[in-house]
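[1] only geometry, no sequence info:
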């Protein structure tokens with residue numbers, strides 16, 4: 001009876017969550033990175049310079065499902081799959097909670113679960129912002145669901161290693177890796193928390209499935225001289241600045257909120273040697289990501305969202321810990337979730353000043369469009385400007401990198417070659433001018 005009641009309640013919460021994500025996807029101004037990932041979807045491949053191909057596939061499907069020129073439709077043409085995937089992510093995490101064997105806590109209140117998830121700022125943001133973290137969260141949720149089922153199933157040496165759950169485990173690992181390379185750390189920390197997996201035939205079968213599924217991407221990397229691996233492992237290194245380390249913890253507060261961040265580390269510390277292998281894995285993942293990227297701050301700037309995938313372990317740890325849920329904690333989480341709801345409304349109204357980077361992009365692109373007089377535009381500098389221009393106007397816009405900028409997907413596509421010999425508007429080195437026939441000198445002067 002309790003299970004049936006909880007199922008109907010979680011269904012209602014998921015509906016409300018999905019509607020809110022959909023409204024944000026429709027009315028929040030597009031982020032420059034999202035416009036860049038839209039470029040991925042326009043040129044589908046098994047890999048891209050910055051990331052694996054999953055985010056490009058998402059934008060391509062969104063565009064296929066939502067054609068149109070109205071701004072709301074254009075926003076959805078980048079974000080629709082993200083909204084659907086995020087609702088599925090929340091549902092899979094709930095199902096993971098229900099896989100807990102303890103009958104006293106396996107069907108706890110959906111409200112506790114939802115209020116924890118709704119209090120994580122970046123977890124909520126990736127419910128409508130299309131970035132590689134959105135599919136990573138989904139496949140990570142699927143991975144932990146399949147892994148908990150794997151641990152709950154007896155595994156005699158004589159059993160068939162190729163089971164539906166083993167296949168799901170392999171697909172989820174491949175899905176994570178096709179979303180973001182940081183998935184390697186999720187898998188490595190899972191093994192570190194449970195060395196018995198190295199003798200587990202089903203685990204090795206799942207790894208084999210993931211490896212086979214990854215072959216097309218690995219071939220793409222080989223054929224293109226491993227651009228992504230070179231960029232992430234070598235090119236992103238910077239001269240050390242103390243600020244890189246000092247900003248790490250405040251940035252993590254922005255990702256998880258200070259309350260969740262403190263509680264997940266506390267609960268994780270308690271569970272590092274737990275007899276419950278699943279809970280121990282969650283603890284190793286939480287602490288492993290925090291320590292790994294704290295050390296990485298000595299190598300260069302650490303983006304706050306690089307630890308985002310540990311939102312899944314954090315939600316599970318907090319939702320399953322009965323002893324922390326008193327009236328005060330519930331009110332605190334409810335207040336944080338309410339503040340995030342207000343923040344979403346503010347974002348949808350687009351009333352923040354352009355200096356925040358969250359509004360004003362369309363007006364900037366309008367100015368460039370007037371200068372271009374309907375001609376293709378050649379940009380230098382950041383990949384963001386041509387990507388935004390392509391999003392708002394569907395006109396040809398290309399990026400030609402100068403010596404001060406990093407490589408991007410534009411360097412692999414070489415779209416500027418198609419414009420040679422044609423009239424174009426050139427935005428280079430702070431100058432704007434029209435050429436009757438674009439030449440290589442215009443691109444590399």
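    Okay, I see it. Here the structure is a predicted model, which is why all the values come from computation and not from measurement.
[2] Which residues are in contact with the one residue sitting closest to the centre of the chain?
    Among the residues of the chain, the smallest C-alpha distance to the mean C-alpha position (Cα atoms, centre = their mean) belongs to residue 133, namely 0.7 Å. Residues touching residue 133, when contacts are defined by Cβ atoms under 8 Å, 6 or more residues apart in numbering, comprise 122, 126, 179, 180, 305, 308, 309. In this view, the C-beta of every residue, glycine as well, is placed from N, C-alpha and C.
[3] Look at the fourth one and say how many residues are nearby.
    So that's residue 180. One way to gauge burial is a neighbour count; for residue 180, by other Cβ atoms under 10 Å, it gives 25.
[4] Show the pLDDT at it.
    Model confidence at residue 180, expressed as pLDDT, equals 97.
[5] Phi and psi next, for it.
    Residue 180 has phi and psi values of phi -150, psi 140 when expressed as degrees, to the nearest 10.
[6] Surely it touches residue 52?
    Yes: contact criterion Cβ atoms under 8 Å: residue 180 and residue 52 qualify, at 6.8 Å.
[7] so what's in contact with those two at the same time?
    Here residue 180 and residue 52 have residue 132 as joint contacts, going by Cβ under 8 Å, 6+ apart.
[8] Which helix runs longest in this structure?
    When secondary structure is assigned using DSSP state H, the longest helix within the chain turns out to be helix 71-98.
[9] which regions of the stretch 101-250 of the chain sit below the pLDDT cut-off?
    Low-confidence segments of the stretch 101-250 of the chain, defined by pLDDT under 70, are located at 101-108, 155-159.
[10] What segments of it are helices?
    Assigned by DSSP state H, counting those that start in this stretch, the helices in the stretch 101-250 of the chain fall at 110-117, 121-125, 133-152, 164-179, 183-193, 201-223, 227-230, 242-246, 248-256.
[11] I'd like to know which of these is closest to residue 47.
    Shortest distance between residue 47 and these, using Cβ to Cβ, is found for helix 201-223: 4.0 Å.
[12] Against residue 134, how distant is residue 40?
    Residue 40 sits 13 Å away from residue 134 when distances are taken as Cβ to Cβ, to the nearest Å.
[13] Actually, residue 351.
    Separation of residue 351 from residue 134 (Cβ to Cβ) stands at 25 Å.
[14] Residue 170 - nearest residue in space that isn't next to it in sequence?
    The spatially closest residue to residue 170, leaving aside those adjacent along the chain, is residue 209, at 2.8 Å (Cβ to Cβ, 6 or more residues apart in numbering).
[15] And the strands in the protein, which stretches?
    For the chain, the strands defined by DSSP state E occupy 377-379, 397-399, 424-428, 431-435.
[16] quick one, which of those strands is nearest to residue 34?
    Between residue 34 and these, the shortest separation by Cβ to Cβ is 15.6 Å, and it involves strand 397-399.
[17] Let me know the average pLDDT across the closest one.
    Rounded mean pLDDT across strand 397-399 is 93.
[18] Show me what it is packed up against.
    Taking 3 or more Cβ pairs under 8 Å, 6 or more residues apart in numbering; DSSP states H and E as contact, the helices and strands that strand 397-399 lies on are strand 377-379, helix 384-393.
[19] elements contacting the first one?
    Looking back up the chat, that one is strand 377-379. Helices and strands in packing contact with strand 377-379 are listed as helix 384-393, strand 397-399, strand 424-428; criterion 3+ Cβ pairs under 8 Å, 6+ apart.
[20] so can I have a markdown table of the ones you listed showing mean neighbour count?
    Putting the helices and strands packed on strand 377-379 into a markdown table (neighbours: other Cβ atoms under 10 Å) gives the following:
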| stretch | mean neighbour count |
| --- | --- |
| helix 384-393 | 22 |
| strand 397-399 | 26 |
| strand 424-428 | 22 |
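[21] tell me the contacts of the closest residue in space to residue 375 that isn't next to it in sequence?
    Using Cβ to Cβ, 6+ apart and skipping residues adjacent in sequence, the residue nearest residue 375 is residue 425, 4.7 Å away. Contacts for residue 425 were tallied using Cβ under 8 Å, 6+ apart; they are 371, 372, 373, 375, 376, 377, 378, 432, 433, 434.
[22] before we move on, the earlier item: of all the strands of the chain, which one comes closest to residue 243?
    Comparison of those against residue 243 by Cβ to Cβ identifies strand 397-399 as nearest, at 28.8 Å.
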